[in-house]
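> give me a 3D structure for the following:
(2 chains)
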Amino acid sequence: AQSVTQLGSHVSVSEGALVLLRCNYSSSVPPYLFWYVQYPNQGLQLLLKYTSAATLVKGINGFEAEFKKSETSFHLTKPSAHMSDAAEYFCAVSDQIGNQFYFGTGTSLTVIP
Amino acid sequence: EPEVTQTPSHQVTQMGQEVILRCVPISNHLYFYWYRQILGQKVEFLVSFYNNEISEKSEIFDDQFSVERPDGSNFTLKIRSTKLEDSAMYFCASSVRGRGTEAFFGQGTRLTVV
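Alright, predicted model coming up:
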């Protein structure tokens, strides 16, 4: 079975500081991993995805994530936070068998000016 | 840019009433999904739909739920007799293919059962 754990339901960073949002997954088969962002009153927008190619994945808006199999992690980072990054971030996993996503509980990112 | 659209954005209904949540997936997508998010909880998978039939469903998707693609463009979720615990944000999503491809999500319908 697949599952995702996001550590920290709320993260606050200063504008210009490093953003680190943590995601650990559990999967009995090689996973596909995704980060989605949700801005207020909007749907889920794909930030980036890992599908067994390069382990360091670059996404939109300067975000990137690294797949570490040994740590079963897929943490999301951004070198310098911007005010517009304030949103809810969801990590999700799917496998190569089914086609459903398993989401984490989400991390709310606040950027302090 | 193509997007998944959902209507209405907010629906209030009385317990026991039937509701239909509507979605227009991206036109060339073949896989369609419904997810829900109860306030403060995870986004949970309900059902996936491909080739005019349900391909997967979760244990949440019991007999009170049904899905339909009535006209080749809309994708609907029907809840026959709503309960208070059905109050949630319901997200529709679609993808070009199934396994491993990203899903594109709509903005959600907030269902409030009173």
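
> all strands of chain A, in order?
In chain A, strands defined by DSSP state E lie at A:3-5, A:10-14, A:19-21, A:24-26, A:32-38, A:44-50, A:56-58, A:64-68, A:73-78, A:87-94, A:102-103, A:107-112, listed in chain order.

> quick one: low-confidence parts of chain B?
Residue ranges of chain B with pLDDT under 70: B:98-100.

> residue closest to the middle of it?
Nearest to the geometric centre of chain B sits B:Trp34, at 3.1 Å (C-alpha atoms, centre = their mean).

> make sure that one is indeed in a helix.
No: counting by DSSP: H, G, I helix; E, B strand; the rest coil, B:Trp34 is not found in a helix; it is strand.

> who's it bridged to?
Beta bridges link B:Trp34 to B:Val47, B:Cys92 when assigned by DSSP bridges.

> isn't it up against B:Ser66?
No: assessed by C-beta atoms under 8 Å, B:Trp34 is found out of contact with B:Ser66, at 10.6 Å. (Glycine included, C-beta is placed from N, CA and C.)

> anything in contact with each of these two?
B:Leu77 (C-beta atoms under 8 Å, 6 or more residues apart in numbering or on different chains).

> the closest residue to B:Ser27 other than its chain neighbours: what's it in contact with?
Spatial nearest neighbour of B:Ser27, excluding adjacent residues (C-beta to C-beta, 6 or more residues apart in numbering or on different chains): B:Pro2 at 6.8 Å. Residues counted as contacts of B:Pro2 (C-beta under 8 Å, 6+ apart) are B:26-27, B:104.

> is the residue nearest to the spatial centre of chain A bridged to anything, and to what?
Here the mean C-alpha position of chain A is nearest to the C-alpha of A:Trp35 (C-alpha atoms, centre = their mean), at a distance of 3.6 Å. Under the criterion DSSP bridges, A:Trp35 forms beta bridges with A:Leu48, A:Cys91.

> gap between it and B:Phe91?
From A:Trp35 over to B:Phe91 the distance is 16 Å, taken as C-beta to C-beta, to the nearest Å.

> then B:Arg69?
Counting by C-beta to C-beta, the separation of B:Arg69 from B:Phe91 is 17 Å.

> am I right that the residue nearest to B:Ser27 falls within a strand?
No: looking at B:Pro2 with three-state DSSP, it is coil, so not inside a strand.

> where does it sit relative to B:Phe65, distance-wise?
Distance from B:Pro2 to B:Phe65, by C-beta to C-beta: 27 Å.

> what number of residues lie near the closest residue to B:Phe65 other than its chain neighbours?
Nearest-residue entry for B:Phe65: B:Ile79, 5.9 Å, with adjacent residues in sequence omitted and distances by C-beta to C-beta, 6+ apart. Residues near B:Ile79, counting by other C-beta atoms under 10 Å in any protein chain shown, number 19.

> pretty sure B:Ile79 contacts B:Val19?
Yes: if you go by C-beta under 8 Å, B:Ile79 and B:Val19 touch, sitting 5.1 Å apart.
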